[in-house]
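> here is the input, now give the coordinates:
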Amino acid sequence: MGMGEPLGNYKAVIDSCHRINEDLNISARNITISTVGLVPKILELSKEKLPLRLAVSLHAIDNESRSKIMPINKRFPLEVLLDACKKY
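Numbers count the residues shown, from 1 in each chain. Take a look at the predicted model:
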């Protein structure tokens, strides 16, 4: 966390998760990916064969407030993001 948006570098993050899981024998359930809410990548992540944990940084409880501090909210408003989280 704190190193940028992991789902913005999807392939490298997933490759790393597979290596951590397989090479280091650390359960995928102990790996958490934290995102600001890149909906297409959350949906892609839901199809992976790893039971990773997902954390979403909301920063606000409504679209107006969230859009002011999280520009990504203009592309993927809370309703769309929450729907993707439910699918995950």
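
> so how far is Asp62 from the residue most central in space within the chain?
In the chain, the centroid-proximal residue (C-alpha atoms, centre = their mean) is Thr35; its distance is 3.8 Å. Distance of Thr35 to Asp62, given as C-beta to C-beta, to the nearest Å: 19 Å. The C-beta positions use only the backbone N, C-alpha and C, and glycine is treated the same way.

> and what of His18?
37 Å.

> more crowded one of the two?
The residue with more neighbours, out of His18 and Asp62, is His18; 14 against 11, by other C-beta atoms under 10 Å.

> who are the neighbours in contact with the more buried one?
Leu50 (C-beta atoms under 8 Å, 6 or more residues apart in numbering).

> how about the secondary structure of Glu44?
Under the three-state scheme (DSSP: H, G, I helix; E, B strand; the rest coil), Glu44 adopts helix.

> that one contacts Lys11, correct?
No: between Glu44 and Lys11 there is no contact, the gap being 10.3 Å when judged by C-beta atoms under 8 Å.
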